[in-house]
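J.: any chance you can model this:
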Amino acid sequence: GDDFPGFARKVADIRRAFVSRREQFIADRMCKCDGCMQVSSLTLKFVAHAGEVAFQKVKHLTELAGVDVILLHRMLKNDVPISEYVLMTDAVHQQLEPELRQLSQGLEHDFEGMGRTATHYIDLGSLVTSVPAPRPNLLRKLWCKLTMELRSLKYVLGFKEACQGFRNVEVVEDAAPGKP
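T.: As a prediction, this is how the structure comes out:
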C-alpha cells in the first residue's frame with residue numbers, strides 16, 4: 001500500500017514480535033535437537049519494492065507475475081553486510097520519512113537480468129533496540145511442550161496432512177461476463 005509513514009512502525013512491530021517469540025522459544029526450550037538449539041541464530045530480513053504486479057492464473061493457483069516481482073525475488077540474494085535488515089529500492093526509499101531515510105545506507109546491486117539497481121538498507125537493530133527477556137518458568141516450559149505434542153498428534157497419527165489447504169496468494173476468480 002501507500003502507507004509509507006506507517007512502514008517503519010509495521011517493520012518494527014514485526015521485528016519486536018519475532019524477537020519476543022524467539023526469546024520465548026529459547027527460554028522454554030526443553031529438548032536438545034538441532035532445530036531447538038539453533039533458534040537463537042534465527043534472523044529476520046525484509047525486502048521492499050514499489051512497482052506493478054500482475055495476477056497470473058496457473059492451473060488452480062493464482063501467482064504474482066511481472067518484472068517488479070522478479071526484481072523483488074532477486075533482491076533476496078544480496079550483498080547487505082549485516083544479518084538483520086530492510087533492503088529497499090529507490091521507489092520505497094524516496095517515500096520514507098526523512099528521519100528513517102537518514103538511518104539507511106546506500107548499496108548498489110547488479111541483479112541478474114535487471115542490471116545495476118540502487119538499493120538502501122536499514123539495520124533492524126536501529127528500529128527496535130531491545131525486547132524484555134522472558135523469565136524462565138518450568139510450568140510454562142511443560143505447558144509449551146505438552147501443547148506442541150498435542151498439536152502434532154493429528155499429523156503423527158495421519159488424521160491431517162501438513163500444509164493442507166495452504167494458499168500463499170488469494171485465488172482470483174475469472175471476471176468474464178456470462179461465466180459462473
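J.: stretch 67-76 - what's its average pLDDT?
T.: The pLDDT scores in stretch 67-76 average 91.
J.: what does it contact?
T.: Under the criterion C-beta atoms under 8 Å, 6 or more residues apart in numbering, residues 47, 49, 51-53, 87, 89, 109, 111-114, 117, 119 lie in contact with stretch 67-76. To be clear about C-beta, it is placed using only N, CA and C from the backbone, and glycine gets the same treatment.
J.: residue 111 reaches residue 117, doesn't it?
T.: Yes. Checked against C-beta atoms under 8 Å, the pair residue 111 and residue 117 is within contact range at 5.4 Å.
J.: the longest strand in the chain is where?
T.: strand 115-123 (DSSP state E).
J.: where in the protein is the helix or strand with the lowest mean pLDDT?
T.: helix 124-127 (a mean of 81; mean pLDDT, DSSP states H and E).
J.: buried ones in it?
T.: For helix 124-127, a neighbour-count test (16 or more other C-beta atoms under 10 Å) marks 124, 127 as buried.
J.: figure out how far that helix is from the centre of its chain.
T.: With C-alpha atoms, centre = their mean, to the nearest Å as the basis, helix 124-127 stands 15 Å off its chain's centre.
J.: which helices and strands sit right next to the helix or strand just after it?
T.: The helix or strand immediately downstream of helix 124-127 is helix 138-156, counting by DSSP states H and E. Under the contact definition 3 or more C-beta pairs under 8 Å, 6 or more residues apart in numbering; DSSP states H and E, helix 138-156 sits against helix 7-28.
J.: could I get the helix it packs on in CSV with only the CA atoms?
T.: What follows is helix 7-28, C-alpha atoms only, in CSV (Å, rounded to 0.1, in the frame of the first residue of the first chain):
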residue,chain,number,x,y,z
PHE,A,7,6.1,1.4,7.1
ALA,A,8,8.8,1.7,9.9
ARG,A,9,6.2,1.1,12.6
LYS,A,10,5.0,-2.1,10.9
VAL,A,11,8.5,-3.4,10.4
ALA,A,12,9.5,-2.5,14.0
ASP,A,13,6.3,-4.3,15.3
ILE,A,14,7.0,-7.4,13.2
ARG,A,15,10.6,-7.5,14.4
ARG,A,16,9.6,-6.9,18.0
ALA,A,17,7.2,-9.8,17.8
PHE,A,18,9.8,-12.0,16.1
VAL,A,19,12.5,-11.3,18.7
SER,A,20,10.0,-11.7,21.5
ARG,A,21,8.8,-15.1,20.2
ARG,A,22,12.4,-16.2,19.5
GLU,A,23,13.4,-15.4,23.1
GLN,A,24,10.4,-17.2,24.4
PHE,A,25,11.3,-20.3,22.4
ILE,A,26,14.8,-20.1,23.9
ALA,A,27,13.5,-19.7,27.4
ASP,A,28,11.0,-22.6,27.0
